[in-house]
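K.L.:
Only the shape, not the letters, is given here:
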């Protein structure tokens, strides 16, 4: 088994950024595109290091097959882009939304593309932008495809984000006790992670630094996406299911555990073990060349065979990177193969009303020889029954 | 001048929600639409009270011209929608992204619309969804149009959000002193507002409760969208420009001030006064029947006439409501008229390198007789030179 790569906290080098753009252009050539247009703020961040929150004033990145990419942005934001961008960009400003006639973004942007070009766009592109895009418009998610396999730099940043996530998880386990309110745990865990990030990356971009430290207590743990309310109280027993995620200056990872306060009710023993078996199977299969849907199928089979097929609510996992949720998907329907440098969550789950939710999740790096769990916090039942 | 409406913290009634849907259907009829399809999480929140963060699993609200709206959502999220929705909904689930062949959202969603319908969609709809939308697809932002004029309920919620915002601002003015770091001010102001919200709305939906309390110190106040870094320090003198925004359980308001710590440099006197004059002009004009672009033109004229035309970076204001940034816009190019029940920001600004940024912003309700500033914190120069 390979050693865990070292964490990185430095900003990306010019070479790293140029490599990402070159990879996009390789795919542009394969699709015979003259331009690729990106609106998705995540993809723009990936290629420029500039992060924005989408609002009514659009940012549009126009990548020609050769030459410097152009950033269409509101006048107001140009200094903000310049302060963060770590790649060559030409700026094309519009004044406002709306602007005087003839000076709106939709007057200026189409002129950058000419009328006869073949233009690739994202599936996430708003219809209002694609409608004014001239030429032959081809929907193809090229940047998302480049993002599937992480560079050594991205892996180092992800390892660092996992370290922050682990710190948050350990703080959560330390303070989660019967009677504690959700909001108290959340506040303490988030402050703890934020404090570490600000120490280790003093110039962190807060637009892409987000933290969650939450627990689904036994009353709701069978509903994995029912967001807890602020004064939801922790209880004796379990299962409690924790979710700790950290997007650290642009890299988002997660760790989740099923745990018990004081003791484990007998009825929880079997579903806990079955979820663990499905998890172990997914780890066993997660290596280069494995087909993602096969891993999901194998994990699901264990859960079905144990009689819990009706209590499956989601796939076995998803990709992580500059977001905490992205392609590829460990799911029936995703027939891509794992490749070294992918990072996926492994998190098969069982959710049964009256028994609760049973799910561990980790951020797992695919390596040449298999995989490494980058969020290797304690995961045995002994570790997860917390004495009171 | 009318009295300020009373704050409301209760969730919306069934009647309020039904009224919003009825308004959407009135516009659907005007556009001769059989269905309206919403993907924008803000619009879905407006019509259902369910808030989601957009991720790869889409939520799609299908509104037929008659009968119960249908919510297309991932299986995993159904209980979450049910826990928050305050309107009648039929649920149409898909399993996952991706799902087995034939069971994906894009297999299921189009069947809800038939093949010959006239279907309205948002300009923000992702191309990937509009491409699989059958029938005659018409891009028209009907829900955004309904949201322009607030109901009495929405006004009450907005007044409450303004009260929270004002509390945050007063805390910021109390703690902002030379040498204080951005992150310390941010943390204290955000915690203060969050604490008040959790006391007054214990069940607040945290997905739509977001807070910012930041200051642009003199070194960057001329760049209004250059986001401060965590350890940016406050300085003696000024101009400092504060931004306090609060989205309180779904209603987002703002208040911003230009202020000085200790004393005001002489060079700041004129731009401060000119920005104040432009602001006063906008308040004078902001009443029912006024054309939005005329207000912007008049405010700009004052700034141009004073010789600061080159230092304008943005429009005079924007709408606020369930988001902190929405239509209508107080801008050349928006020729709509003000109507009682609209809420807009009034915030003409001057930004000159070497002198700094000069901008106050408030959340302003348009009434039958004129307007009411809902964020009426101190705004005279005397109030804004803070003795040290």
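P.N.:
Yep, it's here. All figures in this text were calculated on a predicted structure; none of them were measured in a lab.
K.L.:
Next, see if the helix or strand bottoming out on mean pLDDT in chain A gets close to chain B.
P.N.:
When each helix and strand of chain A is scored by mean pLDDT, DSSP states H and E, helix A:78-84 comes last, with a mean of 91. Yes: Helix A:78-84 reaches chain B (Cβ under 8 Å from any Cβ of the partner chain) through A:79-80, A:83. Using the backbone N, CA and C atoms, a C-beta is placed for each residue, glycine as well.
K.L.:
the strands in the stretch 151-300 of chain A, which residues?
P.N.:
A:210-216, A:237-248, A:251-261 (DSSP state E, counting those that start in this stretch).
K.L.:
returning to what we had before: the residues of helix A:78-84 next to chain B, buried ones only, as a PyMOL selection?
P.N.:
Buried residues among these (16 or more other Cβ atoms under 10 Å in any protein chain shown), as a PyMOL selection:
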select buried, chain A and resi 79+80
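K.L.:
between the residues of helix A:78-84 next to chain B, which is nearest residue B:288?
P.N.:
residue A:80 (35.7 Å; Cβ to Cβ).
K.L.:
picking that back up, now do the least confident helix or strand of chain A: which elements does it pack against?
P.N.:
Contact here means 3 or more Cβ pairs under 8 Å, 6 or more residues apart in numbering or on different chains; DSSP states H and E; on that basis helix A:78-84 packs against strand A:90-94.
K.L.:
packing partners for the strand it packs on?
P.N.:
By 3+ Cβ pairs under 8 Å, 6+ apart, strand A:90-94 packs against strand A:70-74, helix A:78-84, helix A:105-108.
K.L.:
most tightly surrounded among these?
P.N.:
Counting by mean count of other Cβ atoms under 10 Å in any protein chain shown, strand A:70-74 has the highest mean neighbour count of these, with a mean of 23.
K.L.:
report the angle between the axes of it and strand A:90-94?
P.N.:
30 degrees (axes from the mean of the first three to the mean of the last three Cα atoms, to 10 degrees).
K.L.:
Sheet partners, orientation included, of strand A:70-74?
P.N.:
strand A:60-64 (antiparallel), strand A:90-94 (parallel) (DSSP bridges).
K.L.:
ranking the ones you listed by burial, who's on top?
P.N.:
strand A:60-64 (a mean of 20).
K.L.:
quick revisit: wait, which of the strands of the stretch 151-300 of chain A is closest to residue B:184?
P.N.:
Relative to residue B:184, the nearest member of these by Cβ to Cβ is strand A:210-216, separated by 17.6 Å.
K.L.:
touching chain B at all, that closest one?
P.N.:
No: for a cut-off given as Cβ under 8 Å from any Cβ, strand A:210-216 has no contacts with chain B; the smallest distance is 9.4 Å.
K.L.:
other SSEs contacting that strand?
P.N.:
Packed against strand A:210-216 by the contact rule (3+ Cβ pairs under 8 Å, 6+ apart) you find helix A:152-175, helix A:182-200, strand A:237-248.
K.L.:
by how many degrees do that strand and strand A:251-261 diverge?
P.N.:
Using the same axes, to 10 degrees: strand A:210-216 against strand A:251-261 is 20 degrees.
K.L.:
In CSV, list the helices and strands packed on strand A:90-94 along with distance to residue A:4.
P.N.:
Shown next, in CSV, are the helices and strands packed on strand A:90-94 (distance: least, Cβ to Cβ, whole Å):
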stretch, distance to residue A:4
strand A:70-74, 36
helix A:78-84, 29
helix A:105-108, 45
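K.L.:
quick one: which of those is nearest residue A:7?
P.N.:
helix A:78-84 (21.7 Å).
K.L.:
got a list of contacts for that closest one?
P.N.:
A:48-52, A:59, A:71, A:73, A:89, A:91, A:93, A:205, B:223, B:225-227 (Cβ atoms under 8 Å, 6 or more residues apart in numbering or on different chains).
K.L.:
what's the closest of the strands of the stretch 151-300 of chain A to residue A:16?
P.N.:
Among the strands of the stretch 151-300 of chain A, the nearest to residue A:16 by Cβ to Cβ is strand A:251-261 (13.1 Å).
K.L.:
is that closest one anywhere near chain B?
P.N.:
No: using Cβ under 8 Å from any Cβ, strand A:251-261 never reaches chain B; the gap is at least 11.4 Å.
K.L.:
So which other helices or strands are in contact with that strand?
P.N.:
Using 3+ Cβ pairs under 8 Å, 6+ apart, the elements in contact with strand A:251-261 are helix A:152-175, strand A:237-248, strand A:356-359, strand A:362-366, helix A:381-384, strand A:385-386.
K.L.:
Format those as CSV; extra columns: mean pLDDT and distance to residue B:307.
P.N.:
Converted to CSV, those look like this (pLDDT from 0 to 100; distance: least, Cβ to Cβ, whole Å):
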stretch, mean pLDDT, distance to residue B:307
helix A:152-175, 98, 48
strand A:237-248, 98, 45
strand A:356-359, 98, 64
strand A:362-366, 98, 56
helix A:381-384, 96, 69
strand A:385-386, 98, 68
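K.L.:
With mean neighbour count and distance to residue B:212 added, can I get these in a markdown table?
P.N.:
Shown next, in a markdown table, are the helices and strands packed on strand A:251-261 (neighbours: other Cβ atoms under 10 Å in any protein chain shown; distance: least, Cβ to Cβ, whole Å):
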| stretch | mean neighbour count | distance to residue B:212 |
| --- | --- | --- |
| helix A:152-175 | 22 | 22 |
| strand A:237-248 | 25 | 17 |
| strand A:356-359 | 27 | 33 |
| strand A:362-366 | 26 | 29 |
| helix A:381-384 | 13 | 37 |
| strand A:385-386 | 16 | 36 |
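K.L.:
can you redo these as JSON lines with distance to residue B:368?
P.N.:
Converted to JSON lines, the helices and strands packed on strand A:251-261 look like this (distance: least, Cβ to Cβ, whole Å):
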{"stretch": "helix A:152-175", "distance to residue B:368": "51"}
{"stretch": "strand A:237-248", "distance to residue B:368": "46"}
{"stretch": "strand A:356-359", "distance to residue B:368": "53"}
{"stretch": "strand A:362-366", "distance to residue B:368": "56"}
{"stretch": "helix A:381-384", "distance to residue B:368": "62"}
{"stretch": "strand A:385-386", "distance to residue B:368": "60"}
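K.L.:
Could you export these as TSV, including distance to chain B?
P.N.:
What follows is these, written out as TSV (distance: least, Cβ to the nearest Cβ, whole Å):
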stretch	distance to chain B
helix A:152-175	15
strand A:237-248	12
strand A:356-359	11
strand A:362-366	17
helix A:381-384	23
strand A:385-386	25
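K.L.:
Which residues of the stretch 251-388 of chain A lie near chain B?
P.N.:
Contact residues (Cβ under 8 Å from any Cβ) of the stretch 251-388 of chain A with chain B: A:313-315, A:318, A:325-327, A:329, A:331-334.
K.L.:
can you map out the strands along the stretch 1-150 of chain A?
P.N.:
A:35-38, A:60-64, A:70-74, A:90-94, A:118-121, A:136-139.
K.L.:
Surely residue A:68 is in contact with residue A:91?
P.N.:
No: contact criterion Cβ atoms under 8 Å: residue A:68 and residue A:91 do not qualify, at 10.3 Å.
K.L.:
Residue B:284: which of the helices and strands packed on strand A:210-216 is closest?
P.N.:
Among those, helix A:182-200 comes nearest to residue B:284, with 43.8 Å by Cβ to Cβ.
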